[in-house]
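*Asks:* Quick one: sequence and predicted model below, then my questions.
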Amino acid sequence: MSQEDSYDSKYRCIVVSQEFEFLSVTDTSQYAGKWIAVLGREIIASGDDLKEVYKEAKAKAGKKEPLFMRVPKEQETLIL
Amino acid sequence: MRGFRDIKIPNTITFKYVTDKRDGKTIKRPRVEILLKNGDKVFRLVMLVDSGADTSFIPLEVAELLELKLGEVKKSRSASGPFETTNSTCEIELVKRGNNIPLGQIPVVIPTKKIDDTDVSSYALLGRFPFFSFFDITFRENSGKLILRKPKKKFNYKPPTSSIKEVKAVTKK
């Protein structure tokens, strides 16, 4: 475990899922403005319409639950 | 229904910020993975931890996939301007490898309409109430870390029972 990892202070273990860890280190800029679905260390579906992305991802993932994220648009500054 | 006193919070969990890369530059943002639940419907979503938001926001499409009951359309305001929202409740868990931390039923606000060029309706935000009551939260901007600590003072969070008075069909405009 490195200083850069997400971790639990008590157990000194990495705390995030494989999918979240993958997203933390992956350049997703090609998906800017789109929804992506991640399973394991792979983006298994992407698109503008979440329902379509969900349908495609669930078909590929079977019983597993993919992780979804909407990638911010290019040069988007979040002022919410 | 699970209340705050039933929730087992680890002493400290550190999440590194998630990096967005844009035109060769990097923007680090404090995000966590949340499992949203409504009965047997579940949805794993990456959410931005937003200390500026009063409450939590989820996109309408996510609410529809979870088949959440939606309340009346109201007006909310962001830094970008006013926008229409509806409200609901759903159960959430902070996803942690090995054992998730169930946080119970929380209120969520669901934007129903885009404002200008800012697509607020697609953002997933964890706002202050009640997420910031479950933990003492530190943003370490320089090292790009989000630290969640077990709070020193217990907050007696009472999950909403049924805040949805009226159910209306909401169409994304």
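*Replies:* All right, it came through fine.
*Asks:* gap between the most centrally placed residue in chain A and residue B:88?
*Replies:* Chain A has residue A:23 as the residue nearest its centroid, 4.6 Å off, counting by C-alpha atoms, centre = their mean. Applying C-beta to C-beta, to the nearest Å, the value for residue A:23 to residue B:88 is 26 Å. Placement of C-beta: from N, CA and C, glycine included.
*Asks:* Likewise for residue A:73?
*Replies:* Separation of residue A:73 from residue B:88 (C-beta to C-beta): 26 Å.
*Asks:* Which one of the two is surrounded by more residues?
*Replies:* Counted by other C-beta atoms under 10 Å in any protein chain shown, residue A:73 and residue B:88 do not tie: residue B:88 has more neighbours, with 20 against 15.
*Asks:* give me every residue that touches the more buried one.
*Replies:* B:63, B:68, B:69, B:70, B:71, B:107, B:108, B:110, B:164 (C-beta atoms under 8 Å, 6 or more residues apart in numbering or on different chains).
*Asks:* among those, which are in helices?
*Replies:* Secondary structure from DSSP state H places residue B:63 of the contacts of residue B:88 in helices.
*Asks:* and which of the contacts of residue B:88 is nearest residue A:38?
*Replies:* Closest approach between those and residue A:38, by C-beta to C-beta: residue B:63, at 21.0 Å.
*Asks:* longest strand anywhere in chain B?
*Replies:* When chain B is scanned for its longest strand (criterion: DSSP state E), the result is strand B:81-94.
*Asks:* In CSV, list the C-alpha atoms belonging to that strand.
*Replies:* C-alpha atoms of strand B:81-94 as CSV (Å, rounded to 0.1, in the frame of the first residue of the first chain):
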residue,chain,number,x,y,z
GLY,B,81,-29.0,29.7,-11.1
PRO,B,82,-32.4,28.3,-10.2
PHE,B,83,-33.5,24.9,-11.3
GLU,B,84,-36.5,22.6,-10.8
THR,B,85,-36.2,19.6,-8.5
THR,B,86,-38.3,16.9,-7.0
ASN,B,87,-37.4,15.0,-3.8
SER,B,88,-37.3,11.4,-2.6
THR,B,89,-35.6,9.2,-0.1
CYS,B,90,-33.4,6.2,-0.6
GLU,B,91,-31.1,3.9,1.4
ILE,B,92,-27.4,4.4,0.9
GLU,B,93,-24.2,2.5,1.8
LEU,B,94,-20.7,3.9,1.6
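*Asks:* could I get the contacts of residue B:88 as TSV with neighbour count and pLDDT?
*Replies:* Shown next, in TSV, are the contacts of residue B:88 (neighbours: other C-beta atoms under 10 Å in any protein chain shown; pLDDT from 0 to 100):
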residue	neighbour count	pLDDT
B:63	24	96
B:68	23	96
B:69	16	94
B:70	20	94
B:71	21	91
B:107	18	94
B:108	25	95
B:110	25	93
B:164	17	51
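*Asks:* Closest one to chain A out of the contacts of residue B:88, please.
*Replies:* residue B:63 (10.7 Å; C-beta to the nearest C-beta).
*Asks:* how much space between residue B:46 and residue A:69?
*Replies:* Distance from residue B:46 to residue A:69, by C-beta to C-beta: 4 Å.
*Asks:* intersection of neighbour lists for these two?
*Replies:* Joint contacts of residue B:46 and residue A:69 (C-beta under 8 Å, 6+ apart) are residue A:23.
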